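Visitor: A predicted structure for the sequence below; I have some questions about it.
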Amino acid sequence: MWGIGMNKKRIIAARGNGRVTLVEEAIPEIKPGSLLVEVHNSLVSPGSEVGGWRNLHNQQSSSSSESQSRPFGYANAGIVEEVGESVTKFKPGDRVACMGGGYALHSNYAVVPHNLCVALPDNVTFAQGAYGHLAATAVHVFRRGQSSFGEFVAVVGLGVLGQLCAMIHRLAGSLVIGWDAIPFRAETAKNWGIDTVAIPGKEDEVEITRAFTDGQGLDTAVIAFGGDANMAVQQLQKCFKCSPDGHLMGRLMIPGGAWFDFPRTITNMDICRVGRTGPGYHDEEWEFGVDYPPVVMRWTTQTNLKLCMRLISEGKFNVDAITTHKIPLVDVESRLAEIIQKPDKMLGIVFEMN
């Protein structure tokens, strides 16, 4: 099956000082219901993996000492090397997109539960397939928010997940405005076709949003960043629909790690924290075992993931537009240290494993 020395994998690990390093680890056991995948590309989710590119830059600029390295990552794509017992949907040689914390790491080999993997369409690259986890998260945000055709949506925070949330809402027929204080991110969204953008701190995002909705107000807002969101919520309150008796109406979706004080003024709004890819994820019996009956549960993590691969294949989900850097595995330490000097020019970072 493998050549000499193939019982080890190379893996990217994060240090406490904001830097990364390459380490070697044993390839995990191929359990029943899992796949061994030779990884070609993996995608960094900056918000949840490194606390954001600015945070990583600040860590590297500080005088903090190195700490123990920690493997990270949860989205990659590659070729199936071996399948575990009871796996019937995949065979060696299949091209797959994989996801899952603790499984789809930034590594040249990964062992992933079969229900967290989907086949890659022939015209979808491994780099594009590595967007599966975050793309499925964006789809799940849309489903939970139940936005309808023609509704007004604001996406606050145009990082990788925010860009994907804006794309899926627009694809589904919503009218989308993006907010981000970093001009590069706003410009990126304009380049792929978002309806409009506002740059808080340089523009009046409330005035622009009210004009965008023709004074009707937002139906939905997605807070797609982590940390203190009190200011964003305060500004969004001025943009939502409002009933004649002064009650704010609409849906506030929170897929990331944002937090804010609960204001009394939004008691008639629907507030939903949604940080998953769909039913099934983190259910180990499902991940390694039998899928839920589709007649009962149409949209699971896997069917969301399959849909995302189809949308990428058909050019409807433009993940290439938000990929700013591709870094070979062997150069990851030096290249990431170099490009992090301009954190506001970074969005999707794809590691190339081979």
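Guide: Right, received. Where do you want to start?
Visitor: In space, not sequence, find me the middle residue of the chain.
Guide: The structure's the chain has its C-alpha centroid closest to L134; by C-alpha atoms, centre = their mean the separation is 2.5 Å.
Visitor: can I assume it is in contact with L164?
Guide: Yes: L134 is in contact with L164 according to C-beta atoms under 8 Å; the separation is 5.6 Å. For the C-beta atoms, the positions are set from N, CA and C on the backbone; glycine is no exception.
Visitor: Worst mean pLDDT across the helices and strands of the chain, which element?
Guide: None of the helices or strands of the chain scores lower by mean pLDDT, DSSP states H and E than helix 53-61, at a mean of 75.
Visitor: Going by contacts, tell me the helices and strands next to the longest strand anywhere in the chain.
Guide: If you go by DSSP state E, the chain has its longest strand at strand 34-44. Other helices and strands packing on strand 34-44, by 3 or more C-beta pairs under 8 Å, 6 or more residues apart in numbering; DSSP states H and E, are strand 75-83, strand 95-99, strand 109-113, helix 126-129, strand 348-352.
Visitor: got the angle between that strand and strand 348-352?
Guide: Relative orientation of strand 34-44 and strand 348-352, computed by axes from the mean of the first three to the mean of the last three C-alpha atoms, to 10 degrees: 130 degrees.
Visitor: quick check, distance from strand 34-44 to the centre of its chain.
Guide: Distance of strand 34-44 from the chain centroid (C-alpha atoms, centre = their mean, to the nearest Å) equals 16 Å.
Visitor: Kindly reformat the helices and strands packed on strand 34-44 as JSON lines containing mean pLDDT, distance to E284 and mean neighbour count.
Guide: Below are those laid out as JSON lines (pLDDT from 0 to 100; distance: least, C-beta to C-beta, whole Å; neighbours: other C-beta atoms under 10 Å):
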{"stretch": "strand 75-83", "mean pLDDT": "98", "distance to E284": "18", "mean neighbour count": "24"}
{"stretch": "strand 95-99", "mean pLDDT": "98", "distance to E284": "15", "mean neighbour count": "27"}
{"stretch": "strand 109-113", "mean pLDDT": "97", "distance to E284": "8", "mean neighbour count": "25"}
{"stretch": "helix 126-129", "mean pLDDT": "98", "distance to E284": "23", "mean neighbour count": "25"}
{"stretch": "strand 348-352", "mean pLDDT": "96", "distance to E284": "27", "mean neighbour count": "24"}
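Visitor: Tell me which of these lies nearest to S174.
Guide: Judged by C-beta to C-beta, the one of the helices and strands packed on strand 34-44 that comes nearest to S174 is strand 348-352, at 22.4 Å.
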